[in-house]
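1. next one to model:
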Amino acid sequence: MIVLGIDDHRKRQEVTDYTKKNRVEKIFVFYPERFPLEYPGAKPIEYREIIMYRTFYPLLEEIHPDCLLVFNECLRTQNRSDLTYNCAHHYCNQTPHKIVFEHFPFIEARDDFMILLDFLDKGRYKGKGFSWEFLREQDVRAVRHPLAAEAISIALGPKLRQKYQAKKDQLFAELTEEQDPDIIPRHLHVLAGDFKKGGIAADRLHVARNARFKMENVVTYKEAEPGKEYTIIDFPHRRLDFCDFVKTTGQRRFRFIHSGLPVDDFYFSELTAWIGRLEEFYAQTDLY
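-> Residues are numbered from 1 along each chain as shown. Model prediction:
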């Protein structure tokens, strides 16, 4: 079973309901440090422990067909062949009882969802790409959290635009064949964020890629707190960090300070496209 987008209270209720319907002698909960899930009597296994010898071999001895494995927010990389996933599959082979909880169905795109399906039945989906039909083969349910984004434009003077162009020219000139060309928009997006200091409102909380602003109302994505709403100065390099930010804060509407520069157009369009892919997925999924 895969359940998307529910809170911890409902996750625990799902586990309770499952144990009432199935013979379960022991429960193991796998989770990343940032997103623990407590359940009475369950054995917690932190995500990083999955690959450790001190954990791996004892668990293979301990997990048997009457055990329930709960994977809570364990979609931590898009690499389907990641070592941690492969070790987890060995645990999954020990029992038919598995529940996968994840806030979003993917990190970047729907192919990531195959990682969640692999937890349920690696042998069945090995080597297969994503298909909407797989949602019908398994018990997959979701809570749809509508997301929306708006750009708040600020005006930049000619000197800042010239500085941006000079930096862009420098980055292209210094780029080597061995380097990832994506480093250019990464650097330019941070520079564009520097230009937005004057647009940071004193009465609002803001979030930035790093801690360079040294302002009380500007935090990094990892410092964001539950229940608070932040205006975005610049986006994190990794989509996973943005997903974690949304999971932590519960924020659904995103205000982005837009410099008017092309690099901000790129990042904002990437966000809106990601939101569109989520909506497409939810439209094909049974709602919780």
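
2. surely residue 118 touches residue 81?
-> No: at 10.0 Å, residue 118 and residue 81 do not qualify as touching, with contact defined as C-beta atoms under 8 Å. All C-beta atoms are positioned from the backbone trio N, CA, C, and that covers glycine.

3. show me the strands in this structure, by range?
-> Along the chain, counting by DSSP state E, strands occupy 2-4, 26-31, 43-46, 67-72, 97-102, 140-142, 148-153, 205-208, 218-220, 230-232, 253-258, 286-287.

4. ok, which of those comes nearest residue 11?
-> strand 97-102 (5.1 Å; C-beta to C-beta).

5. next, format the strands of the chain as TSV and append distance to residue 131, mean neighbour count and mean pLDDT.
-> Compiled in TSV, those are given as follows (distance: least, C-beta to C-beta, whole Å; neighbours: other C-beta atoms under 10 Å; pLDDT from 0 to 100):
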stretch	distance to residue 131	mean neighbour count	mean pLDDT
strand 2-4	15	22	98
strand 26-31	26	20	98
strand 43-46	31	16	98
strand 67-72	21	23	98
strand 97-102	18	23	98
strand 140-142	13	20	96
strand 148-153	29	13	96
strand 205-208	36	22	98
strand 218-220	38	18	98
strand 230-232	34	23	98
strand 253-258	31	19	98
strand 286-287	16	11	85
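
6. want to try a markdown table for the ones you listed, with distance to residue 176 as columns?
-> A markdown table is the format used below for those (distance: least, C-beta to C-beta, whole Å):
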| stretch | distance to residue 176 |
| --- | --- |
| strand 2-4 | 41 |
| strand 26-31 | 40 |
| strand 43-46 | 39 |
| strand 67-72 | 40 |
| strand 97-102 | 38 |
| strand 140-142 | 44 |
| strand 148-153 | 33 |
| strand 205-208 | 28 |
| strand 218-220 | 30 |
| strand 230-232 | 31 |
| strand 253-258 | 31 |
| strand 286-287 | 49 |
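
7. out of those strands, nearest to residue 190?
-> Using C-beta to C-beta, the nearest of the strands of the chain to residue 190 is strand 205-208, at 8.9 Å.

8. show residues contacting that closest one.
-> The contact list for strand 205-208 (C-beta atoms under 8 Å, 6 or more residues apart in numbering) reads 193, 200, 213, 215, 217-221, 224, 228-234, 245, 257.

9. have a look at residue 118 and residue 81 and say which one is more surrounded.
-> residue 118 (22 against 9; other C-beta atoms under 10 Å).

10. burial count for the closest residue to the more buried one other than its chain neighbours?
-> Spatial nearest neighbour of residue 118, excluding adjacent residues (C-beta to C-beta, 6 or more residues apart in numbering): residue 125 at 5.7 Å. Applying other C-beta under 10 Å, we find 21 residues neighbouring residue 125.

11. how about the one 5 residues further on?
-> By the criterion of other C-beta under 10 Å, residue 130 has 17 neighbours.

12. same question for the one 5 residues further on.
-> Applying other C-beta under 10 Å, we find 20 other residues in the vicinity of residue 135.
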